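Q: Using only what follows, build the 3D model:
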Amino acid sequence: MATLTAAVIILAVLTLLNLFLLFGVLRRLREQTAQQSQDNAFTLPENPVLQPGSRVGAFTTTTLDGDIVDSAELTGDALVGFFSPTCKPCRAAVPRFADYAARFPREKVLAVVVTDAQDFSEYADQLAGTARVVVEPHSGPLSEAFAVAGFPGLCVLSDGVVTANGMRVEELPDRVPAHA
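A: Predicted structure coming up:
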């Protein structure tokens, strides 16, 4: 009987040890899965907007101020930025974009907040001083004209042709030729 009791106790201890190890493995798998999901979420497209050398497609849209903007107004040097309230990197990019946009006349800067919801006011407030702000749904006229594939999507234009693009302000030229 003592042997049977000892065997049951040893099996119970081994079962508990196995259970603790299983919980540890499951926790580790969850952490790795969460990390992979986070890494995949930040896999950025090579070109978030039209590539340099590409001409912007035709568009007509309205700013939050009620001004009508179309592709014909993109003469000279211009700056366009695309942001989404659901995009984590956009939170840091919006203030940097606003600082960079100060190098351009306000009428030559478009900030496009792409959202299907009404959660754009934070970005609109930050951008209103240095840019004309447009809010449009996904696949709106500006998103289509600039072939937006990721957020944030930034580009510098010269007479309607993209001269530089990127997802960070640091990828844009330090000096803007006409305003340097």
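
Q: helices and strands around the longest helix anywhere in the chain, which ones?
A: Counting by DSSP state H, the longest helix found in the chain is helix 2-41. In terms of contacts (3 or more Cβ pairs under 8 Å, 6 or more residues apart in numbering; DSSP states H and E), helix 2-41 is not packed against any helix or strand. (C-beta placed from N, C-alpha, C; glycine too.)

Q: What's the first helix or strand after that helix?
A: strand 60-62 (DSSP states H and E).

Q: What is that following strand packed up against?
A: strand 68-70, strand 132-136, helix 141-145.

Q: which parts of the last one are buried?
A: Along helix 141-145, the positions that meet the burial threshold by neighbour count (16 or more other Cβ atoms under 10 Å) are 141-143, 145.

Q: How about the shortest one?
A: Within strand 68-70, the residues that qualify as buried by neighbour count (16+ other Cβ under 10 Å) are residue 69.

Q: Over to stretch 109-129?
A: For stretch 109-129, a neighbour-count test (16+ other Cβ under 10 Å) marks 109-115, 120, 123-124, 126-128 as buried.

Q: List the ones among the residues you listed that fall in helices.
A: Short answer: the buried residues of stretch 109-129 in helices (DSSP H) are 123-124, 126-127.

Q: quick one, phi/psi of the spatially closest residue to residue 155 that is not a sequence neighbour?
A: The shortest distance from residue 155 to any non-neighbouring residue, by Cβ to Cβ, 6 or more residues apart in numbering, is to residue 165 (4.2 Å). Main-chain torsions, residue 165, degrees, to the nearest 10: phi -150, psi 170.

Q: if we can go back for a sec, of the helices and strands packed on strand 60-62, which approaches residue 3 most closely?
A: Residue 3 lies closest to helix 141-145 among the helices and strands packed on strand 60-62, at 75.4 Å (Cβ to Cβ).
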